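Asker: predicted model and sequence below, questions to follow.
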Amino acid sequence: MAATTARRWSRWEQRLLCALGDCAADTRVAGAARTLSWCGEHAAVWLLAGLANAAADRTQRERWLRGTGLVATAHLASMGLKRVVRRPRPLLAGRAPLVRTAGRHSFPSSHAASAGAAALALGGLRHRTAFGALAALMCVSRLVAGVHYPSDVLAGAALGAATARLGTRREPRHG
């Protein structure tokens with residue numbers, strides 16, 4: 001029974017991956033997916049955003065730095081899990097991935113882990129909607145690019161969210 005469920009999930013994931021991959025036929029969508037993937041590599045966009053806000057917002061500098069640290073922690077945790085799980089990246093017949101990847105393993109998505117952490121840890125300080133929207137687009141871009149299964153992205157986002165929640169739970173209160 002578990003094998004049948006896994007096969008159904010895999011077929012469902014394959015269908016969704018193909019449908020989102022079809023969106024890449026539009027050069028604007030493909031370009032956006034490539035750009036988001038590049039910006040999210042090694043959590044760069046999130047780390048830069050956190051550090052820039054820490055430099056600009058003296059009143060909440062420690063919180064920005066803590067949030068940036070949580071983004072880095074989520075990214076590193078996802079990289080460690082990839083080495084344990086070792087799930088290969090999807091291969092879709094007749095379709096090459098839109099982007100190169102830093103490694104061969106896909107579970108969990110490190111882009112999604114850092115995006116999930118950033119949406120909560122950094123978005124909770126300022127620009128919640130902007131951080132959340134960019135994080136969601138980052139996650140979808142990995143599917144459009146054809147380098148992750150939906151479960152990779154869901155697991156990565158959940159890991160990032162859990163990291164942010166655990167890290168901000170112990171944050172000292174000011175006031």
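Answerer: Nice, I can see it. Numbering: from 1, shown residues only.
Asker: what helix or strand is the residue positioned nearest the centre of the chain on?
Answerer: Residue closest to the mean C-alpha point of the chain, counted by CA atoms, centre = their mean, is residue 112 at 1.2 Å. Residue 112 is part of helix 110-121 when elements are defined by DSSP states H and E.
Asker: give me the contacts around the next helix or strand after that helix.
Answerer: Once the chain leaves helix 110-121, the next helix or strand it forms, by DSSP H and E, is helix 128-144. Contact with helix 128-144 is made by 16-17, 20-21, 23-24, 29-30, 32-33, 36-37, 39-40, 45, 49, 98, 109, 111-112, 115-116, 118-119, 122-123, 148, 150, 152-153, 156-157, as judged by CB atoms under 8 Å, 6 or more residues apart in numbering. All C-beta atoms are positioned from the backbone trio N, CA, C, and that covers glycine.
Asker: which strands and helices sit next to the helix or strand following helix 128-144?
Answerer: Proceeding N to C from helix 128-144, the next assigned helix or strand is helix 150-169, under DSSP H and E. Helix 150-169 sits against helix 2-23, helix 61-85, helix 110-121, helix 128-144, with contacts defined as 3 or more CB pairs under 8 Å, 6 or more residues apart in numbering; DSSP states H and E.
Asker: flag every buried residue along the longest one.
Answerer: Spelled out, that is helix 61-85. Within helix 61-85, the residues that count as buried by 16 or more other CB atoms under 10 Å are 63-64, 66-75, 77-79, 81-82.
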